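**Student:** Provide a 3D model corresponding to the input given below.
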Amino acid sequence: MTQSGLRRTKTVATLGPATDDDVVFKEMVESGLNVVRLNFSHGSHEEQTERFNRVRRLAKECGQTVGILVDLQGPKIRIAKFKDGRIHLDVGDSFVLDCQQDESTGNQTSIGVTYKELYKEVQSGSELMLDDGAIQLKVLDVNGQKIHCETLVGGELSNNKGLNLRGGGLSAGALTAKDKEDIIVAGREKADFLAISFVRTAADVEEARKLFFAAGGNGGIVSKIERAEAIENLDEIIDASDGVMIARGDLGVEIGDEELPMLQKHIINAARNNDCFTITATQMMQSMITSALPTRAEVMDVANAIIDGTDAVMLSAETAVGNHPHVVIQTIDRVCRGAERKRLMPKKYRDDRNFRDSEEAVAMASMYIANKSDVVAIVSLTESGHTPRLMSRISSGIPIFALSRHPDTAQRVTLLRGVYPLTWDLDLANRDTLDDQIIRALKGKMKLNKGDQVLVSFGDMRGVKGQTNTLKIISAD
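**Tutor:** Model (predicted):
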């Protein structure tokens with residue numbers, strides 16, 4: 001646990017019908033919520049705009065900084081609808097995916113699909129996974145736009161379930177027409193983070209960033225790693241992104257669940273070494289949609305992600321439609337604190353190359369000094385949030401406070417492990433009182449005893465981005 005008692009790992013919670021009550025949302029914030037996820041796969045623009053406004057209003061009433069992440073739907077490939085809502089397939093049953101079939105005419109023998117080019121991208125022997133792999137089909141033949149299959153794993157199949165190709169390889173682009181419209185809303189509402197679904201290459205990330213900025217956004221871009229192709233291009237995707245989300249549902253379907261544990265560790269390590277934050281997602285506390293207690297397997301899963309070094313863990317249906325969203329967040333809080341109890345010393349970090357600039361040199365020096373001294377907190381005076389982001393890549397039990405006069409900067413550090421936003425309009429012109437101002441701001445966030453040492457980073461050219469070049473140690477009075 002940190003010396004301040006603050007939880008380092010951040011909690012992301014998806015909003016939905018279960019969280020639309022003001023009292024429920026305030027309970028979530030008070031239980032330790034850091035970032036909300038707005039899932040743009042559901043709801044109108046008007047509904048999502050209302051959620052933007054509610055989050056900001058209620059977070060302010062609670063006196064907390066809560067980030068907002070917009071999650072785009074992406075080219076989620078789905079089956080269409082059945083006339084009767086659902087069917088049951090037995091092993092060995094024949095079934096046809098028809099790229100020309102009407103939207104709501106599915107029956108026991110065939111159904112349409114949303115991706116009309118699917119017939120061009122599969123062949124005899126291909127395996128298709130429906131409903132996150134619960135139903136599995138083997139392609140026998142492709143006749144025109146009809147894909148004739150045999151059922152390998154049967155069960156109940158209902159409307160609009162997702163479809164994946166085992167091993168990946170579908171060429172649907174990462175950004176759909178709907179996504180581009182949604183990006184305009186995210187930019188207009190100043191989302192703090194924009195998550196891109198089904199990213200394949202760095203070009204997908206760069207296109208999304210360009211559209212987001214053109215719409216007025218200035219938040220971070222999060223790439224969701226959920227395609228097999230994304231693993232092949234992982235380094236370039238990380239380099240182009242501010243953060244990555246390990247979306248274990250679709251990813252597990254495409255590459256096989258047995259590959260996920262080691263891949264999760266690899267992605268987190270690769271991202272950390274390239275100054276990129278990580279969110280671990282999918283079924284973290286799935287049983288708590290209805291249960292007031294998690295399974296021990298879920299506790300172990302969350303704890304292992306934290307030990308791996310993830311910046312944040314994400315809840316989906318657990319909060320969006322669950323019976324008790326704030327209880328899930330309280331549970332995550334306890335698990336995080338347990339996993340963080342042992343103070344971790346720095347691991348090797350980019351030992352193979354020199355620092356790029358003074359900002360990185362100061363950030364790394366800060367963490368070395370802090371971990372080798374009696375410093376109780378680090379304060380980074382920051383315009384953009386970049387310096388505390390660099391600091392957060394080093395494992396430490398010492399809290400890092402991103403002190404900024406810009407509310408949007410405070411919002412953007414809410415996903416960084418061990419970094420805590422602190423909005424305070426310092427009188428930078430009055431250097432004689434600056435130390436006292438910093439200590440006064442810090443006392444609002446943690447207990448300080450007389451003589452406690454605080455490490456402060458800042459730039460000589462105050463108010464200029466990217467100019468952090470100075471370190472000093474100050475003492476609380």
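
**Student:** alpha carbons only for contacts and neighbour counts from here, please
**Tutor:** Will do.

**Student:** Could you report the neighbour count for Lys265?
**Tutor:** 16 (other CA atoms under 10 Å).

**Student:** do Ile184 as well
**Tutor:** Counted with other CA under 10 Å, Ile184 comes out at 18.

**Student:** correct me, but it touches Arg209?
**Tutor:** No. Using CA atoms under 8 Å, Ile184 is not in contact with Arg209; the gap is 11.5 Å.

**Student:** show me what contacts Asp192?
**Tutor:** 67-69, 218-220, 408, 411-412 (CA atoms under 8 Å, 6 or more residues apart in numbering).

**Student:** which one of those is nearest Ala134?
**Tutor:** Leu69 (28.9 Å; CA to CA).

**Student:** Adjacent strands (with direction) for the helix or strand harbouring that closest one?
**Tutor:** Secondary structure assigned from DSSP states H and E places Leu69 in strand 67-71. Strand pairing for strand 67-71, using DSSP bridges, gives strand 35-39 (parallel), strand 193-196 (parallel).

**Student:** Distance to Cys276 and mean pLDDT for those strands - can I get that in TSV?
**Tutor:** Formatted as TSV, the strands paired with strand 67-71 follow (distance: least, CA to CA, whole Å; pLDDT from 0 to 100):
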stretch	distance to Cys276	mean pLDDT
strand 35-39	17	97
strand 193-196	13	98
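
**Student:** Of the ones you listed, which is nearest Met300?
**Tutor:** strand 35-39 (22.4 Å).

**Student:** Off-centre distance for the longest helix belonging to the chain?
**Tutor:** When the chain is parsed with DSSP state H, its longest helix is helix 45-62. How far helix 45-62 lies from its chain's middle: 19 Å, per CA atoms, centre = their mean, to the nearest Å.

**Student:** Which one (most neighbours) among the contacts of Asp192?
**Tutor:** That'd be Ile68 among these, by other CA under 10 Å, with 29 neighbours.

**Student:** Spit out the contact partners of it.
**Tutor:** Neighbours of Ile68 in contact, by CA under 8 Å, 6+ apart: 35-38, 52, 191-193, 411.

**Student:** buried residues in the longest helix of the chain?
**Tutor:** Buried residues in helix 45-62, counting neighbours by 16 or more other CA atoms under 10 Å, are found at 48, 51-52, 54-56, 58-59.

**Student:** Please enumerate residues in contact with it?
**Tutor:** 20, 22, 25-26, 29-30, 38, 40, 65-66, 68, 182, 185, 189.

**Student:** Out of those residues, which sit inside strands?
**Tutor:** Among the contacts of helix 45-62, the members falling in strands (DSSP state E) are 38, 68.

**Student:** what's the closest of the contacts of helix 45-62 to Val362?
**Tutor:** Once CA to CA is applied, the member of the contacts of helix 45-62 that ends up nearest Val362 is Thr65, at 26.2 Å.

**Student:** per-residue pLDDT, the closest one?
**Tutor:** Predicted confidence (pLDDT) at Thr65: the value is 96.
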